[in-house]
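Just need the structure, nothing else, for what follows:
(one chain, ligands or ions: 1)
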Amino acid sequence: MTKSSDTRYFGDFEGAPITVRRTARKKSIALSVRDGAIVILSPKHVSDREIDALIATNTDWVRGKLAKQAETKKRTERTFVDGEQFLYLGEEYPLKVVDGRKALAELVEGSFVVHARRSQIPERRARSIRAAFLRWYKSEAETVLTQRVAFFSPRIGRTPKRISFRDYKSMWGKCDVEGRITFNWKLVMAPEHILDYVVVHEMAHLHHLNHAPAFWQRVEAVLPDYKQRRKWLKDHGGLLTI
Ligand SMILES: [Zn+2]
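The predicted model follows:
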């Protein structure tokens, strides 16, 4: 890999850091907001004044993005204490922590009941509650997604060779050339019609391993409103986390 770019701190926008990365590979300037920071990718020749102008003309957009990301961060920061809300199939359920020897989570009568050993160190207890949640979510994801794949198989006319579950940072699913599909287990936090979109999307890749029009036609044939579902995921996917 050749190193033909340089990244530097450019300044602040209402408290959010701005980073500019100039690279020879880039033909036009691109502005994005990620994790509460402003990132600008630009060709080598773009001047600081042009970057200032770009930010000035997109102030509202940047502000909106920063506000939304701050809100998502606030809603997804966990302390694992009683009353905190956790998602399952699009519904929020409050956490109820009870003393127990083995960390175990279950959904009982509208609450997430998690058994955890009482600890002198709150962080340790929080970690073990989180671990219990992860085990529960992964096992639910396996049950729910396996069942949805079976439901859509006759509708799509293909069955994956294998399905597996992983913790992806920025991907909901993946289909490989061998016909194996991997799902992000966090999908089980989404409403079922949203999770269905990812199932259908990945299964449509069993016909077309690309995003060409024929691929989208196949998705649309099964889910005529797939665009709304995809948009929901784009807008709210950040909330599906623990
Ligand atoms: Zn795809």
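
so what strands line up beside the lowest-mean-pLDDT helix or strand in the chain?
Between all helices and strands in the chain, the lowest mean by mean pLDDT, DSSP states H and E belongs to strand 5-13, at a mean of 84. Strand 5-13 has its sheet partners listed here by DSSP bridges as strand 16-23 (antiparallel).

residues of whichever helix or strand comes after the partner strand that come out buried?
Next along the chain after strand 16-23, taking DSSP states H and E as the criterion, comes strand 30-34. For strand 30-34, a neighbour-count test (16 or more other C-beta atoms under 10 Å) marks Leu31, Val33 as buried. Heads up, the C-betas are built off the backbone N, CA and C, glycines and all.

hmm, who's touching strand 30-34?
16, 38-42, 54-55, 58, 62, 65-66, 69 (C-beta atoms under 8 Å, 6 or more residues apart in numbering).

Quick check: the farthest pair among the residues you listed?
Ser42 and Gln69 (21.9 Å; C-beta to C-beta).

more neighbours, those two?
Ser42 (21 against 17; other C-beta atoms under 10 Å).

got the contact list for that one?
Val20, Arg21, Arg22, Thr23, Lys26, Ile29, Ala30, Ile51.

Longest helix in this protein, by number of residues?
Longest helix in the chain by number of residues (criterion: DSSP state H): helix 122-156.

Now do the next helix or strand after that helix and helix 122-156, the angle between them.
Going down the chain from helix 122-156, the next helix or strand is strand 162-166, by DSSP H and E. Interaxial angle, strand 162-166 versus helix 122-156 (axes from the mean of the first three to the mean of the last three C-alpha atoms, to 10 degrees): 150 degrees.

Could you list the buried residues of strand 162-166?
Across strand 162-166, burial judged by 16+ other C-beta under 10 Å covers Ile163, Phe165.
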